[in-house]
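Engineer: What shape does this take:
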Amino acid sequence: MSDAGGRARLTRILRSTLHPSQWLEAWRSTRPSAQPKKPGELVYGIDDVPPPLFTVFSGFQHVGLVRIQLIFPALVIQLAELPTEDSVNMLSLSLIALGIAAILQSLPRGPVGSRFLCPPCHDAIFLEPSIAALKFGGLPLVFGMTMVAGVIQSLLSPILNRIRPLLPPEIGGLVIFLVGTSIAAIGCRYMIGIGVKEPVGHDYWLVAGVTLMTTVGLNVWGRGQAKLLCTMVGISVGYGLAVLTGVLPKEALGVLSELRLFAIPHFAHGGWAFSADMILPFTVAALAVTLKGIGDITALQRINDAGWVRAEMGSISRGTLANGLANMFAGLVGTLGLTPSTANIGLQAATGVSSRVIGFAIGAILLALAFLPSATGSLILMPRPVMGAALLFSACFVLISGLQTITSRMLDARRTIVIGLGISSGVAAELIPSFATDIPHAIQPIVSSSIVLGTTTALLLNGLFRIGQRQRVKLSLDPAAPDAVTEVNEFFDAAGRGWGARPDVMVRVAFGISQAIEAIREHCEPEGPIVIEAHFDEFNLDVRISYRGAALEFPDERPSGREIMETEAGYRRLAGYMLRMNADRIRTSVKDGATVLEFHFVH
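Structural biologist: Numbers count the residues shown, from 1 in each chain. Alright, predicted model coming up:
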């Protein structure tokens with residue numbers, strides 16, 4: 001072989017394949033690292049320990065967002081027409097449950113807890129089922145069914161890995177997105193003044209605008225502590241302006257004087273009740289909370305790991321168990337169900353502070369506030385425009401987090417319809433609340449909640465569309481066909497969308513298999529068709545290529561340049577080496593002239 005011929009061959013190789021170092025880089029980029037790599041935008045990562053004073057202030061900032069979500073038990077309290085003292089006591093019990101849940105999620109080891117800064121909150125998911133239970137059987141039924149929802153979550157936690165195909169990541173992203181729309185809708189209504197009994201005017205909108213502008217301005221242009229504590233500063237400025245403008249009347253502050261400074265919460269709430277009629281809405285709510293938790297903890301994994309490629313199910317299962325136990329405790333002491341706070345996760349993304357140590361500070365602050373009725377009572381006095389601005393700010397990051405989770409997977413027509421109709425039904429429930437009044441009473445708690453309805457729609461459609469969906473696909477190629485590589489790429493693109501696979505993995509698979517087909521066509525002289533079979537199970541993607549012809553070699557070491565240029569075997573060995581670098585595992589076998597190549601890719 002001439003030197004010119006060898007150089008020409010080497011040129012063809014380099015033009016048709018990636019350099020080995022690029023293969024290695026691509027291979028490494030799709031494999032999960034043993035230790036999460038702290039992203040550059042994080043100031044304090046999950047294992048960092050901030051200064052004590054900053055930890056306390058950051059804890060108060062998170063507690064400020066958690067306190068806003070107490071509007072949901074406050075609504076149920078209002079409907080139950082409880083006396084002031086009993087109302088404040090129920091909010092104190094809510095704070096105790098929230099504090100315990102925050103500590104459970106932050107535990108650094110053990111079988112319980114996500115091990116992230118994952119503060120809990122009350123959420124709209126449990127609101128409609130709780131209102132239905134209140135009308136049907138009073139507060140005891142609300143508390144009893146909340147315990148049932150907690151039991152359901154706890155039972156789901158160890159089997160999430162097995163039922164993962166029924167709860168795909170894009171549906172978790174859908175739930176986060178719907179939570180974001182719900183938070184944004186509440187925030188907008190509060191900022192504009194919809195639902196306020198008294199007429200609103202320029203002062204009301206001024207308080208809302210200044211609060212939002214202060215928070216956003218500090219987050220975008222602020223530096224140091226001002227940026228990290230932007231929400232707390234914005235709420236404080238809003239409070240002060242509300243007092244100055246009269247949006248928060250001075251006589252309203254007199255309510256605080258009627259409350260004791262210190263009191264031990266009591267648990268005499270009337271007991272617990274259970275009803276078979278309420279099992280369906282609370283089961284759906286538990287599933288929605290579980291899906292929301294999957295999405296929330298996945299978002300936390302992404303925030304805390306620059307090399308994140310897939311959800312780590314161990315953390316998700318422990319976090320689900322912690323939330324289930326927290327809901328059992330919430331029902332036991334006498335309050336509504338809890339969920340991970342997506343708004344607080346959005347705050348972490350906005351400020352770059354995600355240390356789990358702050359979770360213990362949040363828990364301690366919430367527990368302390370539970371014994372301070374005057375501080376708890378002040379929650380009722382938080383001006384609505386201030387609430388709305390804080391919620392709308394956090395909703396921005398929640399919505400984007402949901403969209404990122406949805407688009408992290410390839411979507412075919414089936415999955416697009418699942419997500420599209422899920423969003424449409426959720427938005428419809430938010431825009432047309434009167435629709436729920438014209439349907440059977442038993443399913444009103446499902447239809448009247450945008451989050452529960454959207455989640456239910458997506459889950460039912462996902463289960464329906466799995467009928468006829470193949471996890472194993474097959475393609476037969478003519479070795480002489482000029483467009484074989486294009487056919488391979490289209491084959492894996494369609495398969496990836498049907499499976500809901502990660503785009504980066506499918507690109508690597510399609511490229512590697514097309515290179516294998518090229519090498520087989522040029523050097524193995526195949527007789528008859530080349531058959532490609534692929535199987536996917538969410539965690540693994542296995543590809544099997546079978547043909548009649550010589551086998552490719554897959555050496556562990558790259559052949560020398562001289563060997564590549566001067567021998568045909570050197571070229572084949574280079575192609576085999578590059579294919580080995582691309583796949584996570586590769587194996588070859590030959591029997592009766594039939595060659596089988598097996599490629600394994602971790603998903």
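Engineer: and the nearest residue to Phe539 once chain neighbours are set aside, what pLDDT?
Structural biologist: Spatially, and ignoring its direct neighbours in sequence, Phe539 is nearest to His603 (5.6 Å; C-beta to C-beta, 6 or more residues apart in numbering). In short, each C-beta sits where N, CA and C put it, glycine included. Per-residue confidence at His603 stands at 77 (pLDDT).
Engineer: Likewise for Gly359?
Structural biologist: 97.
Engineer: Can you get me a residue count around it?
Structural biologist: 29 (other C-beta atoms under 10 Å).
Engineer: what sits against it?
Structural biologist: By C-beta atoms under 8 Å, 6 or more residues apart in numbering, the residues touching Gly359 are 102-103, 105-106, 116-119.
Engineer: Which of those residues fall in strands?
Structural biologist: Among the contacts of Gly359, no member falls in strands (DSSP state E).
Engineer: Which ones among those map onto helices?
Structural biologist: Counting by DSSP state H, the part of those found in helices is 102-103, 105-106.
Engineer: picking up where we left off before, residues near the residue nearest to Phe539, how many?
Structural biologist: By other C-beta under 10 Å, neighbour count at His603 equals 18.
Engineer: for Gly512, same thing?
Structural biologist: 25.
Engineer: Strands of the stretch 501-603 of the chain, start to end?
Structural biologist: Per DSSP state E, counting those that start in this stretch, the stretch 501-603 of the chain carries strands over the ranges 527-536, 540-548, 585-591, 594-602.
Engineer: any chance of those strands in JSON lines, with distance to Tyr577 and mean neighbour count too?
Structural biologist: Shown next, in JSON lines, are the strands of the stretch 501-603 of the chain (distance: least, C-beta to C-beta, whole Å; neighbours: other C-beta atoms under 10 Å):
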{"stretch": "strand 527-536", "distance to Tyr577": "21", "mean neighbour count": "18"}
{"stretch": "strand 540-548", "distance to Tyr577": "17", "mean neighbour count": "19"}
{"stretch": "strand 585-591", "distance to Tyr577": "11", "mean neighbour count": "12"}
{"stretch": "strand 594-602", "distance to Tyr577": "14", "mean neighbour count": "18"}
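Engineer: so which of these gets nearest Phe397?
Structural biologist: Closest to Phe397 of these is strand 594-602 (C-beta to C-beta; 30.2 Å).
Engineer: buried sites along the helix or strand where Leu280 lies?
Structural biologist: Using DSSP states H and E, Leu280 sits in helix 279-304. By neighbour count on 16 or more other C-beta atoms under 10 Å, the buried set for helix 279-304 is 281-282, 284-304.
Engineer: Would you mind checking the average pLDDT for it?
Structural biologist: Mean predicted confidence for helix 279-304 is 88.
Engineer: Give the next helix or strand downstream of that helix.
Structural biologist: helix 313-333.
Engineer: okay, the contacts of Gly359 in JSON lines with neighbour count and distance to Gln515 next?
Structural biologist: Formatted as JSON lines, the entries for these read as follows, by neighbours: other C-beta atoms under 10 Å; distance: C-beta to C-beta, whole Å:
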{"residue": "Ala102", "neighbour count": "33", "distance to Gln515": "50"}
{"residue": "Ile103", "neighbour count": "20", "distance to Gln515": "52"}
{"residue": "Gln105", "neighbour count": "29", "distance to Gln515": "45"}
{"residue": "Ser106", "neighbour count": "25", "distance to Gln515": "47"}
{"residue": "Phe116", "neighbour count": "25", "distance to Gln515": "40"}
{"residue": "Leu117", "neighbour count": "30", "distance to Gln515": "43"}
{"residue": "Cys118", "neighbour count": "30", "distance to Gln515": "43"}
{"residue": "Pro119", "neighbour count": "30", "distance to Gln515": "48"}
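Engineer: quick one: stretch 65-83 to chain centroid distance?
Structural biologist: 26 Å (C-alpha atoms, centre = their mean, to the nearest Å).
Engineer: Sorry, slip of the keys, the one I care about is stretch 335-351.
Structural biologist: Using C-alpha atoms, centre = their mean, the offset of stretch 335-351 from its chain centre is 11 Å.
Engineer: Only alpha carbons, please: show that stretch as PDB.
Structural biologist: Extracted in PDB, the C-alpha atoms of stretch 335-351 (Å, rounded to 0.1, in the frame of the first residue of the first chain):
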ATOM      1  CA  THR A 335     -53.900  20.600  59.600                       C
ATOM      2  CA  LEU A 336     -53.900  20.300  55.800                       C
ATOM      3  CA  GLY A 337     -51.600  18.300  53.600                       C
ATOM      4  CA  LEU A 338     -48.100  19.400  52.700                       C
ATOM      5  CA  THR A 339     -46.000  19.300  49.500                       C
ATOM      6  CA  PRO A 340     -42.400  20.300  48.600                       C
ATOM      7  CA  SER A 341     -42.400  24.100  48.100                       C
ATOM      8  CA  THR A 342     -41.700  24.700  44.400                       C
ATOM      9  CA  ALA A 343     -41.600  28.500  45.100                       C
ATOM     10  CA  ASN A 344     -38.700  27.900  47.500                       C
ATOM     11  CA  ILE A 345     -36.900  25.800  45.000                       C
ATOM     12  CA  GLY A 346     -37.300  28.700  42.500                       C
ATOM     13  CA  LEU A 347     -35.800  31.000  45.100                       C
ATOM     14  CA  GLN A 348     -32.800  28.700  45.300                       C
ATOM     15  CA  ALA A 349     -32.300  29.000  41.600                       C
ATOM     16  CA  ALA A 350     -32.700  32.700  41.700                       C
ATOM     17  CA  THR A 351     -30.300  33.400  44.600                       C
END
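Engineer: Kind regards, and thank you for your time.
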